[in-house]
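A.B. asks: coordinates for the following, if possible.
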Amino acid sequence: MSNHAHWLRKALLTTLLAMPLTVQAQTLEVSAEQELLWDQNQGLYQAIGDAIATRGSQTIRGDTLRAYYSQEGENQDIERLEALKNVSFSDTNLKGSGSQLDYDIQRNFYEITGPNAVVTSPDGTATAEQLIQFDRAKGLVTLEGSGDIALTDGRLLKGDQIEITLNEAEEIETIFATGNVFISQPDGRQAEASEGTYDAKAGTALLTGDVKIIDGDSILNGQKAEIDFNSGVSRLLTTEGSGRVSGILVE
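C.D. replies: The predicted model follows:
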């Protein structure tokens, strides 16, 4: 292919990829390094090669992008975006990355597939080995498969599954973790449990099921614990049928 023909092909592709697509009365701009496929039979646009889709403050990118549109009516509104390989997104105060991303535009719902799926907010960074789901309409982030969240205040929370509830400003309100729950604090104190709920505003946590609180060489054991991170006070409680609480205190 001559240099002139190569330049002309690239120019045509750039023109095509800059064409605006309609997303619920908003403009979606798509660009890519290699090509754009428009499959009218499947209702699909496909951009290949470091593909980027932008809509207002939202950006989604990946090696390949697929935009699925409605074939009913005349508007052909984009309903869903799919990104494959080396995917990432940014949307107002949040951003994330993973191996694959699926964004349902009508539900305002992100699904980021691992391994090493990541979502970052001003409050901290959440990671999961299998999957992260971000339901923006409900303000809910779910981590599946060895999830953890490192908060900007230095605390770390882990669990097999974690649900993070956000307020209207997309700040963390609560974190609910189940399965192999682990909490560590900047001063080195740690806690383990079967389930745990963290209240970000109150700065407290409620732990249940095989609770263990570790402070240096001192260890407290029980079935329920209340931890106040602001005051540094931890209360280990008994539950019905659980017997006594116990501990090893080392000075």
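A.B. asks: got the end-to-end distance for stretch 162-171?
C.D. replies: Stretch 162-171 has an end-to-end distance of 16 Å (Cα to Cα, to the nearest Å).
A.B. asks: what do you get for stretch 196-205?
C.D. replies: Taking Cα to Cα, stretch 196-205 runs 7 Å from one end to the other.
A.B. asks: okay, buried residues for it please.
C.D. replies: Across stretch 196-205, burial judged by 16 or more other Cβ atoms under 10 Å covers 196-198, 200, 204-205. Where you see a C-beta, it was placed from the backbone N, CA and C, and this is true even at glycine.
A.B. asks: if I look at Ile105, how far off is Tyr45?
C.D. replies: Going from Ile105 to Tyr45 by Cβ to Cβ, to the nearest Å gives 13 Å.
A.B. asks: which of those two has more neighbours?
C.D. replies: Between Ile105 and Tyr45, counting by other Cβ atoms under 10 Å, Tyr45 is the more crowded of the two (25 against 20).
A.B. asks: and that one, what helix or strand is that in?
C.D. replies: strand 44-55 (DSSP states H and E).
A.B. asks: the inter-axis angle of the helix or strand that that strand is followed by versus strand 44-55?
C.D. replies: Next helix or strand after strand 44-55 toward the C-terminus (DSSP H and E): strand 58-69. Counting by axes from the mean of the first three to the mean of the last three Cα atoms, to 10 degrees, strand 58-69 lies at 150 degrees to strand 44-55.
A.B. asks: between Ile105 and Tyr45, which contacts overlap?
C.D. replies: Residues touching both Ile105 and Tyr45 by Cβ atoms under 8 Å, 6 or more residues apart in numbering: Ile78.
A.B. asks: so what's Ala47 up against?
C.D. replies: Residues near Ala47 by Cβ under 8 Å, 6+ apart: 17, 30-32, 35-37, 53, 64-67.
A.B. asks: mind pulling the model confidence for it?
C.D. replies: Here, the pLDDT recorded for Ala47 equals 93.
A.B. asks: just give me the neighbour total for the residue nearest to it when sequence neighbours are not counted.
C.D. replies: Spatial nearest neighbour of Ala47, chain neighbours left out: Ala32 (3.9 Å); criterion: Cβ to Cβ, 6 or more residues apart in numbering. Neighbour count of Ala32, defined by other Cβ under 10 Å: 23.
A.B. asks: do the same with Thr27
C.D. replies: So Thr27, with other Cβ under 10 Å, has 11 neighbours.
A.B. asks: now the host helix or strand of it against strand 58-69, angle please.
C.D. replies: According to DSSP H and E, Thr27 maps onto strand 26-31. Interaxial angle, strand 26-31 versus strand 58-69 (the same axes, to 10 degrees): 100 degrees.
A.B. asks: CA atoms of strand 26-31 as CSV?
C.D. replies: Extracted in CSV, the C-alpha atoms of strand 26-31 (Å, rounded to 0.1, in the frame of the first residue of the first chain):
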residue,chain,number,x,y,z
GLN,A,26,-26.4,12.4,24.7
THR,A,27,-23.4,12.2,22.3
LEU,A,28,-21.0,9.3,22.5
GLU,A,29,-17.6,9.9,20.8
VAL,A,30,-15.6,6.9,19.8
SER,A,31,-12.0,6.7,18.5
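A.B. asks: that one packs against which elements?
C.D. replies: If you count contacts as 3 or more Cβ pairs under 8 Å, 6 or more residues apart in numbering; DSSP states H and E, strand 26-31 packs onto helix 3-17, strand 21-23, strand 44-55, strand 58-69.
A.B. asks: please repeat the previous calculation with a cut-off of 10 Å.
C.D. replies: helix 3-17, strand 21-23, strand 44-55, strand 58-69, strand 78-91 (3 or more Cβ pairs under 10 Å, 6 or more residues apart in numbering; DSSP states H and E).
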